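# generate a structure from the sequence data that follows.
(chains A and B)
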Amino acid sequence: MDDVNIECKPGKIFGLLGLNGAGKTTLMRLLSTVLKPTSGTAKVNGFDILTDSQKVKASIGFLSSDTALYPRLTAEETVTYFARLNGIEEEIIQKRLENIFKIFDMENFRDRRVDKLSSGMKQKVSLARTIIHDPEVLILDEPTLGLDVITSRNIIQFIRRAKEENKCVLFSTHIMHEAEKLCDEIAIIHKGRILAVGTLGELQNRARLKDLDEVFVKLVGSLNEF
Amino acid sequence: MNFKKIKIIYFKEMKDILRDRRTLISMLLVPILLFPILMFGMTSLSMMMAKKTGERVNPLVIIGGEEAPSIFSILKENKSFEIVQEKDYSAALKDKRITAALEFSKDFERKISAGDSAQVKIYFDKAEIQSDMASDRLGNILKTFQDSVVTERLKDRNVDRSLLHPVRIKMENLASKEKMGGFFLSMFLPYMIMIMALTGAMYPAIDLTAGEKERGTLETLLVSPASRGEISSGKFLAVFTASLVTAIVSTVSMVISAGTSFAKFKEAGEVSKEAILSISPLSILVLFLLIIPYCCLASSILLSLSLFAKSYKEAQSYISPLLIIIIMPAMASFLPGLELSVGMAFIPIINISLALKQILLGTYNWGYIGLIFLSTALYAGLAIFITRQLFEKEQVLFRT
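Here you go, the predicted structure:
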């Protein structure tokens, strides 16, 4: 990553758009304190990622294609485990569990082991795991990657709901129409650098193109010509 | 570091590994079944062998039998030998058609009757146990014959037999019963318990590190508010538990099965009725005391190696050489001449192996025991520190 400067506000969905290997995952891992930056810093929910990593981790719900679930735990055990690690009290865990299982329609498989679940069910458990501690910030790294249409739609709905709840959502994708549909602001990232930041309209105006696809290709392409 | 979080991680990891069939097999099933099967197998086999060799008839070729008619008739009546005819005794011995051959020199018996000496040769194959045993038996028969000749000759000359045996040697075994009973266990148990403690911890260690990387669950855990220190502590404690449980189960299983097979030997009269296999509660207690730092050491080495690996398979390939590195020094308990010394007390693995051997023989050298406990605890502490540092390294956690 080099010279990245972005801001993502509560109640907004911020999209990171880039090719595979552009640096989306690295940026998100830095923000979640899993990786440490060689220089520079960032604040998440007001906490510095270098000095307050525990508080940062407690403020975020992190979901990526790399955050898999323990196959030998049941759905409920999984969510409870991460709730406890977040230091939530047992009573509150129980209440939230019931609530989340109802919203995601997970009642019928809550006691089934994760390795016996379909990929759609697993994704629901992952989402439940991500939000059990009611985080202020959601960092979602390609959350729809490799999922079927229905599961993807569930995730899109989930992101919209989070926005309504005034959460700050940082979300990465390489699927243009997802970004178009969802994001309030989009950053185009390429080879570790941010090429452009703005609302969809701003980006379209700047590139004088209508389609986000073409905006993206123009920005990335112009860089590749050098 | 928050102990509550370590506890949460520990209990989750324990639940996880107890649901893993591989861990259950290596932690409980193998130690419970291995020792009884091993002991039972060894006991039955050695009894069967002893019985078989006792009953076996050895085909024997006698060359020049007519020169020694009295020995010939003794052998003819002996049930464990069968005199056969073979032209080429050397080839017959090679093909195992006979177990030995006797060759009497010319005028054997006549020379002996005349008060002279004569030669008899035993041909056998030292590399064949049957042949070796037959030659022993033949030697004994010939010695008895020689004895009777000597007695006869002395009698003719009116000399007392005691002239030939001025020194009477009598041997008495003063080893305590505990020492006799512990002798066998003192060789095997230290070695076995150290290997078992390692294998019992192996799968959990791989599963909780390289396995997590492979399944993609490590990152899920790293983005949770548990610190690296809490994660490594929880995982270490879980692996250590598996190691210690395996060691305890192995010890109990081995002591019980050794006791059972010992009783069987006694019934069969292979050991004297007075011998008891007794292991004092104190020796078991000290044994567990010493095994605790060893399990810590083994667990953290296993954790470090498998944390570095990218996958289950890679971790296994790192651990196989480690097994050999530990198996060789653990065999110290088998070496009869090797005794503890101050220098020895600082050599990891060997020190525990030798100390456990002493303890099982009923010798408690508290100075050494304390020194070995401390030095092993020191190594374990160092290994835990390294494991802890590895958990901080991005290059290790996200090795691709």
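
# list phi and psi for residue 66.
All of this is about chain A. Dihedral angles phi and psi of residue A:66 (degrees, to the nearest 10) take the values phi -90, psi -10.

# make sure it is actually in contact with residue B:219.
Yes - using CB atoms under 8 Å, residue A:66 makes contact with residue B:219 at a distance of 4.8 Å. Any C-beta I mention is one placed from the backbone N, CA and C, and that applies to glycine too.

# which residues of chain B lie near chain A?
Within chain B, the positions adjacent to chain A are B:4-5, B:8-9, B:12, B:15-16, B:19-20, B:215-217, B:219-220, B:222-227, B:394, B:398 by CB under 8 Å from any CB of the partner chain.

# residues contacting the residue in the stretch 151-300 of chain B positioned nearest to chain A?
Among the residues of the stretch 151-300 of chain B, residue B:216 lies closest to chain A, at 3.4 Å counting by CB to the nearest CB. Counting by CB atoms under 8 Å, 6 or more residues apart in numbering or on different chains, residue B:216 touches A:65-68.

# near chain B, from the residues you listed?
Within these, those near chain B by CB under 8 Å from any CB are A:65-68.

# neighbour-wise, which one of the residues you listed leads?
Counting neighbours by other CB atoms under 10 Å in any protein chain shown, residue A:67 leads the ones next to chain B among the contacts of residue B:216 with 22 neighbours.

# give me the nearest residue to that one, chain neighbours excluded.
residue B:220 (4.1 Å; CB to CB, 6 or more residues apart in numbering or on different chains).

# test my guess that that neighbour contacts residue A:129.
Yes - between residue B:220 and residue A:129 a contact is recorded at 7.4 Å, counting by CB under 8 Å.

# please enumerate the shared neighbours of the two.
A:69, A:82.

# next SSE after the helix or strand hosting residue B:34?
Per DSSP states H and E, residue B:34 falls inside helix B:30-55. Following helix B:30-55 in sequence order, the next helix or strand is strand B:58-63 (DSSP H and E).

# what's next to that next one, contact-wise?
Strand B:58-63 is contacted from outside by B:72, B:75, B:80-86, B:89, B:92, B:97-104, B:130, B:134, B:137-138, using CB under 8 Å, 6+ apart.

# rerun that using 6 Å as the cut-off
B:80-84, B:86, B:89, B:98-103, B:134 (CB atoms under 6 Å, 6 or more residues apart in numbering or on different chains).

# what's opposite the residue nearest to residue B:138 when sequence neighbours are not counted in the beta bridge?
In this structure, residue B:138 finds its nearest non-sequential neighbour in residue B:122, 5.4 Å apart by CB to CB, 6+ apart. Applying DSSP bridges to residue B:122 gives these bridge partners: residue B:102.

# how far does stretch B:27-38 sit from its chain's centre?
Counting by CA atoms, centre = their mean, to the nearest Å, stretch B:27-38 is centred 15 Å from the centre of its parent chain.

# then stretch B:241-257?
16 Å.

# grab the longest helix from chain A for me.
Taking DSSP state H as the criterion, chain A has its longest helix at helix A:149-164.

# would you say residue A:61 is within a strand?
Yes - assigned with DSSP: H, G, I helix; E, B strand; the rest coil, residue A:61 falls within a strand.

# these two touch, right, it and residue A:130?
Yes - using CB atoms under 6 Å, residue A:61 is in contact with residue A:130, at 3.8 Å.

# so how far is residue A:107 from the residue nearest to the spatial centre of chain A?
For chain A, the residue sitting closest to the mean C-alpha position, by CA atoms, centre = their mean, is residue A:140 at 1.0 Å. In this view, residue A:140 and residue A:107 are 24 Å apart by CB to CB, to the nearest Å.

# residue B:141 too?
In terms of CB to CB, residue B:141 sits 88 Å off from residue A:107.

# cool, residue B:73 as well?
In terms of CB to CB, residue B:73 sits 95 Å off from residue A:107.

# columns pLDDT, secondary structure and distance to residue B:39 on top of the ones next to chain B among the contacts of residue B:216, output as JSON lines?
JSON lines is the format used below for these (pLDDT from 0 to 100; DSSP: H, G, I helix; E, B strand; the rest coil; distance: CB to CB, whole Å):
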{"residue": "A:65", "pLDDT": "78", "secondary structure": "coil", "distance to residue B:39": "52"}
{"residue": "A:66", "pLDDT": "79", "secondary structure": "coil", "distance to residue B:39": "49"}
{"residue": "A:67", "pLDDT": "84", "secondary structure": "coil", "distance to residue B:39": "49"}
{"residue": "A:68", "pLDDT": "90", "secondary structure": "coil", "distance to residue B:39": "44"}
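
# pLDDT below threshold where in chain A?
A:222-226 (pLDDT under 70).

# quick one, phi/psi of the closest residue to chain B within it?
Closest to chain B within chain A is residue A:68: 3.4 Å, counting by CB to the nearest CB. Main-chain torsions, residue A:68, degrees, to the nearest 10: phi -80, psi 180.

# so it sits against residue B:213, correct?
No - applying CB under 6 Å, one finds residue A:68 not in contact with residue B:213, separated by 10.3 Å.

# ok, the residue in the stretch 301-400 of chain B positioned nearest to chain A to residue A:25 distance?
Relative to chain A, the nearest point of the stretch 301-400 of chain B is residue B:394 (5.6 Å; CB to the nearest CB). Separation of residue B:394 from residue A:25 (CB to CB): 13 Å.

# and what of residue B:256?
55 Å.

# which of the two has more neighbours?
Remark: of residue B:256 and residue A:25, residue A:25 carries more neighbours, 20 against 14, as counted by other CB under 10 Å.

# so what's the more buried one up against?
Residue A:25 sits next to residue A:141 when contact means CB under 6 Å, 6+ apart.

# kindly report the same for residue B:193.
B:247, B:250-251.

# try it again with 10 Å
B:31, B:246-248, B:250-251, B:254, B:287-288, B:290-291, B:294-295, B:330, B:333, B:352-353, B:356 (CB atoms under 10 Å, 6 or more residues apart in numbering or on different chains).

# how far does the helix or strand bottoming out on mean pLDDT in chain B sit from the chain's center?
Within chain B, confidence by mean pLDDT, DSSP states H and E is lowest for helix B:30-55 among all helices and strands, at a mean of 80. Distance of helix B:30-55 from its chain centroid, counting by CA atoms, centre = their mean, is 14 Å.
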